[in-house]
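**Student:** Starting from these lines, generate the structure:
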Amino acid sequence: MSYLEILDLSMNNISGNLPSNFCPANIQELYLSRNGLQGSLKDAFYGCFELIVLDLSHNNVTGSIPPWIGKFSQLSYLILGHNNIEAKIPIQLCNLTQLSLIDLSHNHLSGPILPCLRSTSNSYRQQDGSYNASAPVSMDEPLEFTTKSISYSYQGSMLSYFSGIDLSCNHLTGRIPTEIGNLNEIHVLNLSHNSLTGEIPASFSNLHQIESLDLSHNNLEGSIPSQLTELNFLAVFNVSYNNLSGKIPDVKQFATFDESSYRGNLFLYGCPLKKNCTEISLPPSKSRTSIENKENSCFIDKDAFHASFGVTYIMVLLVIVAVLYINPYWRQVWFYYIEKGLSIAILSGLFDRWLIIMPNPNLYNP
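**Tutor:** Okay, the predicted model is just below:
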């Protein structure tokens with residue numbers, strides 16, 4: 001089928017392995033989502049260098065993303081979410097300068113996020129400053145992409161205005177590259193449910209078009225950068241279940257986010273959380289400092305302690321002597337117990353001495 005440009009077999013019950021070297025001469029859009037396709041991408045679609053859309057989401061594709069993906073210079077929409085793809089994100093993906101949507105979510109990808117990943121709008125700026133959404137092909141078939149926690153179908157000219165990266169639900173590690181903040185045309189960024197560490201890059205303040213930013217369920221630390229309040233189009237913001245600390249920004253659109261955006265961060269405080277900074281347990285290092293300061297503030301001079309102890313001791317003795325002198329009954333009881341105590345002490349000493357003197361019979365037992 002040498003004239004075939006668009007192939008849509010999505011939402012069927014097609015099963016089996018992906019065919020090797022499947023590449024009609026002029027294929028540009030390939031939709032195979034929501035089937036039961038299996039096997040590796042290693043030999044499939046090699047040579048389809050004119051592809052603009054590759055949608056294999058919601059299948060059982062295994063293996064890794066092959067390095068030759070970097071030769072798909074026209075590829076704008078790479079949708080591989082909800083499969084069993086593993087290994088690292090190949091560096092060759094950075095060669096795809098036309099990428100608009102990248103969905104690698106719900107796989108088993110590991111390693112760091114590539115700082116050179118790209119996501120750009122396919123609309124073209126005209127001389128008057130307006131945008132002309134002139135997609136290179138029809139784009140009449142819908143593409144499914146999750147934004148603002150809801151899965152939407154985009155098609156036609158709408159796709160030309162929309163861009164996003166979804167790497168959620170993988171095993172990605174390391175810090176979030178500051179270079180991601182250079183994607184100033186991106187609308188959706190979802191890095192949730194990974195094992196990312198470090199701080200939220202302040203460079204994210206350059207994502208002027210972003211509408212949905214999800215960094216939840218990671219191991220991020222530090223504070224929420226105040227520069228993020230400059231993101232005027234941000235409608236969904238989620239950093240829940242990390243290790244963030246400090247005060248939550250409460251200006252502009254950040255005043256509209258509810259508690260679910262921040263829960264699971266022990267040291268975050270401020271609205272809309274129902275706690276303030278005085279209710280937060282300090283980290284271990286700060287706790288030790290506060291304890292030391294408290295101990296220093298409660299220090300007692302040794303000379304003063306000895307003097308007060310001596311005065312108290314003498315006063316107790318005088319009270320006892322006064323009670324014994326005034327009350328004959330208590331005086332008799334006192335001398336009775338003193339005499340009894342001395343007798344027991346004497347007998348105990350004699351018994352111990354007898355044990356030492358007496359020979360041990362076990363010494364003579366062969």
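
**Student:** C-alpha only now, for contacts and for neighbours.
**Tutor:** Will do.

**Student:** so residue 263 is in which element?
**Tutor:** If you go by DSSP states H and E, residue 263 is not part of any helix or strand.

**Student:** now it: how far from residue 217?
**Tutor:** According to CA to CA, to the nearest Å, residue 263 and residue 217 sit 10 Å apart.

**Student:** neighbour-wise, which of these two wins?
**Tutor:** A direct count of neighbours by other CA atoms under 10 Å for residue 263 and residue 217 places residue 217 higher, at 21 against 18.

**Student:** The more buried one is in contact with residue 240, isn't it?
**Tutor:** Yes: look at residue 217 against residue 240 with CA atoms under 8 Å: they come within range, at 6.3 Å.

**Student:** So which residues of the stretch 51-200 of the chain form helices?
**Tutor:** Per DSSP state H, counting those that start in this stretch, the stretch 51-200 of the chain has helices spanning 158-161. These are given in chain order.

**Student:** which residues of the stretch 251-366 of the chain score low on pLDDT?
**Tutor:** Confidence mapping of the stretch 251-366 of the chain against pLDDT under 70 gives the ranges 275-306, 324, 334, 340-366.

**Student:** go again using 80 as the cut-off
**Tutor:** Within the stretch 251-366 of the chain, the stretches with pLDDT under 80 are 274-311, 313, 316-366.

**Student:** And the stretch 101-250 of the chain, by the same measure?
**Tutor:** Residues of the stretch 101-250 of the chain meeting the criterion pLDDT under 80: 121-140, 148-149, 152, 154-158, 160.

**Student:** Please repeat the previous calculation with a cut-off of 90.
**Tutor:** 118-162, 250 (pLDDT under 90).

**Student:** So what are the structural domains in the chain, by residue number?
**Tutor:** Per the record, the chain has its domains at 6-291, 302-364, by automatic domain parsing.

**Student:** Identify, out of these, the most deeply packed stretch.
**Tutor:** Per-stretch averages of neighbours, counted by mean count of other CA atoms under 10 Å, single out domain 6-291 among the domains of the chain, with a mean of 18.

**Student:** Run the chain-centre distance for it.
**Tutor:** When distances are taken as CA atoms, centre = their mean, to the nearest Å, domain 6-291 is centred 15 Å away from the chain's centroid.

**Student:** list the contacts for the residue nearest to residue 267 when sequence neighbours are not counted?
**Tutor:** Of all residues beyond its chain neighbours, the one nearest residue 267 is residue 245 (4.3 Å), with distances taken as CA to CA, 6 or more residues apart in numbering. For residue 245, the contacting residues are 221, 222, 223, 224, 265, 266, 267, 268, 269, taking CA atoms under 8 Å, 6 or more residues apart in numbering as the criterion.
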